[in-house]
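Student: What follows is a predicted structure for the sequence shown.
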There are 2 protein chains.
Amino acid sequence: LPVTRTELKKVKSLQTKKGRRTHGLFPAEGIRLLEEACRFEVWPDRLYCAASLLTDRGQRLTERFQEAGVDIAEVSSADLTRMAATESSQGLLAVFPVLSVDPSKLKPDPDRNILVCEKLSDPGNVGTLLRSALAFGFDTVLMCEHSAEPFSPKVVRASMGAVFGLTIAVTSSETALAILEQQGIPLLAAAPSGNVPINQALSGLKRGPVAVAVGSEADGLSPRLLDRAFRVVTIRHRQIVESLNSAVAGAILMKECYDSFSRRKK
Amino acid sequence: LPVTRTELKKVKSLQTKKGRRTHGLFPAEGIRLLEEACRFEVWPDRLYCAASLLTDRGQRLTERFQEAGVDIAEVSSADLTRMAATESSQGLLAVFPVLSVDPSKLKPDPDRNILVCEKLSDPGNVGTLLRSALAFGFDTVLMCEHSAEPFSPKVVRASMGAVFGLTIAVTSSETALAILEQQGIPLLAAAPSGNVPINQALSGLKRGPVAVAVGSEADGLSPRLLDRAFRVVTIRHRQIVESLNSAVAGAILMKECYDSFSRRKK
């Protein structure tokens, strides 16, 4: 089916928050990201491809989408550029239904740790956190209190496609706490002022899922989360630096959990 | 002294790589960054301030620069905006001599670990690495093979001012290796394909300075660095994710070194 002006305009609007909200869709561009979608078997509503821009690798990827039954639309390179955010979309842009899940539908799973992000507004940091979350077994992510939109192009790009492998819910801190309490999952809250080193906090825990909460660098976590955390943990570093970057702090904490639980599994 | 058009143009040119190279200067804007410069007693050639934009905190900071004998120029808010990269320069912009040191002048110091960055082009990642380096006692940083310019505005901002507390040399990987070998500092090279977990590599080391090398996510470290490393180390994570973000990987490795050496110091 040829792509109408209306459709082109709609896809272009997905570069904006308003457009994504209106249509419940988000765009992803380029070979790397779309290969990840394929690997996690997350299929777009439609794949737009400009044949003249495709490399062999892009061609093979298009075929995989085709085999999976994805609707593919050929467009001119000019039209693709009009829809895309970056100049090098590598001839491919796909439109996915927003993947956020309803927090009330999250099922307990002993193998899934949970990352809680509160008021994390920087899309680069959020994307990097999502990538680390997938690497260290934090497969469920709760995005709370106006954190960056997890399916915005910047976050998706910085996540290097990890968004396709995670279960992500957008919710409030209150609901996040209720879910953790209901499922009996202990919360480790990160704070520069925390009084328990992370490994010490972990040694007091049984094997089983754990949640890590990371807040904004400017404000830290809310009193609500800090008060109801199992432990407020900290990462030891020289006091010459006031705090760590939140994506770095989150990754270090998740890595410690990953190491600690793997050791005990053996 | 009033600020001439020529000076205004010169300061504005420092937003570009060419301008910084021509003048051997770099700009830093905003209260947070300039407070860090002050704290590390790194003084600019000149501080430009637009009185009408200053908060009390900005006013106090200006006074501290004045007490330190820094040359201060009052400018209109329009002129400051013309010189600045961001709209919210908070009424303050200072111009510093580029702080890179000559690699041949680096002195061995048993308390200073060394971070080696190779081909790290993303300024956000480089800035975040510099911030983590300062936090974990990697006070000397060797920027090799066309890594992002350490005193570009984006790196300075992402470092949250850590650039003012570090010793940074821009050099080649070959020179970096020569320095490490001459000073007898073992190099831990990070690679997804590394065969030694970081803690195991560290347990084989005496207390004393250590170097950690981080390469680009696309290409990894050069064979040159990998071949001559004491150990090629890796960070265990799920294979579902191909690799970690380089700023995250670097931070985790530096943190492990910091923890390991602090434990033994006790």
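Tutor: Structure received.
Student: Low-confidence stretches in the stretch 51-200 of chain A?
Tutor: Along the stretch 51-200 of chain A, the model assigns pLDDT under 70 to no residue.
Student: What is the burial count for the residue in it positioned nearest to chain B?
Tutor: Using CB to the nearest CB, the closest approach of the stretch 51-200 of chain A to chain B is made by A:A135 at 3.9 Å. Bear in mind the C-beta positions are built from the backbone N, C-alpha and C, glycine included. If you count neighbours by other CB atoms under 10 Å in any protein chain shown, A:A135 ends up with 27.
Student: Spell out which parts of the stretch 51-200 of chain A neighbour chain B.
Tutor: When proximity is defined as CB under 8 Å from any CB of the partner chain, the stretch 51-200 of chain A approaches chain B at A:124, A:128, A:131-132, A:134-137, A:160, A:162, A:165.
Student: Would you point out the most distant pair within these?
Tutor: Between any two of those, the greatest separation by CB to CB is 22.5 Å, found for A:G124 and A:G137.
Student: which residues sit in contact with the closest residue to A:F230 other than its chain neighbours?
Tutor: Once flanking residues are discounted, A:F230 sits nearest to A:P186: 3.7 Å by CB to CB, 6 or more residues apart in numbering or on different chains. By CB atoms under 8 Å, 6 or more residues apart in numbering or on different chains, the contact set of A:P186 is A:180, A:205, A:210-211, A:230-231.
Student: Out of those, list just those in helices.
Tutor: Using DSSP state H to define helices, the subset of the contacts of A:P186 located there is A:L180.
Student: Let me know the closest of the contacts of A:P186 to chain B.
Tutor: Using CB to the nearest CB, A:V210 is the member of the contacts of A:P186 that sits closest to chain B, with 15.7 Å.
Student: Wait, that closest one touches A:C257, no?
Tutor: Yes - between A:V210 and A:C257 there is a contact at 5.5 Å, judged by CB atoms under 8 Å.
Student: what residues are shared contacts of these two?
Tutor: Residues touching both A:V210 and A:C257 by CB under 8 Å, 6+ apart: A:113, A:188, A:202.
Student: Tell me which of the residues you listed fall in strands.
Tutor: Within the shared contacts of A:V210 and A:C257, residues falling in strands by DSSP state E are A:L188.
Student: Stretch A:233-241: which residues count as buried?
Tutor: Neighbour-count burial for stretch A:233-241 flags A:233-235, A:237, A:241 (criterion: 16 or more other CB atoms under 10 Å in any protein chain shown).
Student: gap between the closest residue to A:H146 other than its chain neighbours and A:T6?
Tutor: The spatially closest residue to A:H146, leaving aside those adjacent along the chain, is A:K119, at 6.2 Å (CB to CB, 6+ apart). Computed as CB to CB, to the nearest Å, the A:K119 to A:T6 distance reads 37 Å.
Student: which of the two has more neighbours?
Tutor: A:K119 (21 against 8).
Student: neighbours around the closest residue to A:R231 other than its chain neighbours, how many?
Tutor: Leaving out its chain neighbours, the residue that sits closest to A:R231 by CB to CB, 6+ apart is A:A201, at 4.1 Å. Per other CB under 10 Å, the neighbour tally for A:A201 reads 25.
Student: distance of A:A201 from A:G184?
Tutor: With CB to CB as the criterion, A:A201 and A:G184 are 17 Å apart.
Student: now swap in A:T22 and tell me
Tutor: Distance from A:T22 to A:G184, by CB to CB: 39 Å.
Student: Then A:R228?
Tutor: 13 Å.
Student: More neighbours: these two, which one.
Tutor: A:R228 (16 against 9).
Student: what's near enough to touch the nearest residue to the more buried one once chain neighbours are set aside?
Tutor: In space, and not counting its chain neighbours, A:R228 is closest to A:L177: 5.4 Å by CB to CB, 6+ apart. If you count contacts by CB under 8 Å, 6+ apart, A:L177 has them with A:187, A:224-225, A:228.
Student: Figure out the helix or strand that A:L177 lives in.
Tutor: Assignment of secondary structure by DSSP states H and E places A:L177 within helix A:173-182.
Student: buried set for that helix?
Tutor: Buried residues in helix A:173-182, counting neighbours by 16+ other CB under 10 Å, are found at A:173, A:176-177, A:179-180.
Student: which residues are contacting whichever strand or helix holds A:L8?
Tutor: Using DSSP H and E, A:L8 sits in helix A:5-13. Contact partners of helix A:5-13, identified using CB under 8 Å, 6+ apart, comprise A:19, A:22-23, A:27, A:48, A:75, A:79, A:82-83, A:93, A:95.
Student: Can you show me the strands along the stretch 51-200 of chain A?
Tutor: A:71-74, A:92-97, A:114-118, A:140-144, A:167-171, A:187-190, A:196-197 (DSSP state E, counting those that start in this stretch).
Student: among these, which is nearest B:D219?
Tutor: Per CB to CB, nearest to B:D219 of the strands of the stretch 51-200 of chain A: strand A:92-97, 23.0 Å.
Student: packing partners for that closest one?
Tutor: Contact analysis of strand A:92-97 by 3 or more CB pairs under 8 Å, 6 or more residues apart in numbering or on different chains; DSSP states H and E lists strand A:25-29, helix A:31-39, strand A:46-49, helix A:56-67 as its packing neighbours.
Student: Just give the closest residue to A:G208, not the sequence neighbours.
Tutor: A:P110 (5.6 Å).
Student: can you tell if stretch A:249-258 touches chain B?
Tutor: Yes - residues of stretch A:249-258 contacting chain B under CB under 8 Å from any CB: A:251-252, A:255, A:258.
Student: List just the nearest of those to A:S100.
Tutor: Ranked by distance to A:S100 (CB to CB), the residues of stretch A:249-258 next to chain B are led by A:A251 at 22.4 Å.
Student: now the helix holding A:L8: how far from the chain's centre is it?
Tutor: 25 Å (CA atoms, centre = their mean, to the nearest Å).
Student: Just the angle for it relative to strand A:92-97, thanks.
Tutor: 80 degrees (axes from the mean of the first three to the mean of the last three CA atoms, to 10 degrees).
Student: Around A:R263, how many other residues sit close by?
Tutor: A:R263: 10 surrounding residues under other CB under 10 Å.
Student: Just to be sure, it is in a helix?
Tutor: Yes - A:R263: assigned to a helix according to DSSP: H, G, I helix; E, B strand; the rest coil.
Student: ok, it to A:Q200 distance?
Tutor: Distance of A:R263 to A:Q200, given as CB to CB: 15 Å.
Student: likewise A:I168?
Tutor: Separation of A:I168 from A:Q200 (CB to CB) stands at 30 Å.
Student: who has more neighbours, these two?
Tutor: Looking at A:I168 and A:Q200 with other CB under 10 Å, you find the greater number of neighbours at A:I168, namely 24 against 11.
Student: Isn't the more buried one up against A:P150?
Tutor: Yes - counting by CB under 8 Å, A:I168 does reach A:P150; the two are 4.9 Å apart.
Student: Quickly list what's touching both of these two.
Tutor: A:100, A:130, A:141, A:143.
Student: Could you find the closest non-adjacent residue to the first one?
Tutor: Pointing back at A:S100 there. A:V170 (5.0 Å).
Student: rewinding a little: report the buried residues of the helix holding A:L8.
Tutor: Buried residues in helix A:5-13, counted by 16+ other CB under 10 Å: A:7-8, A:10-13.
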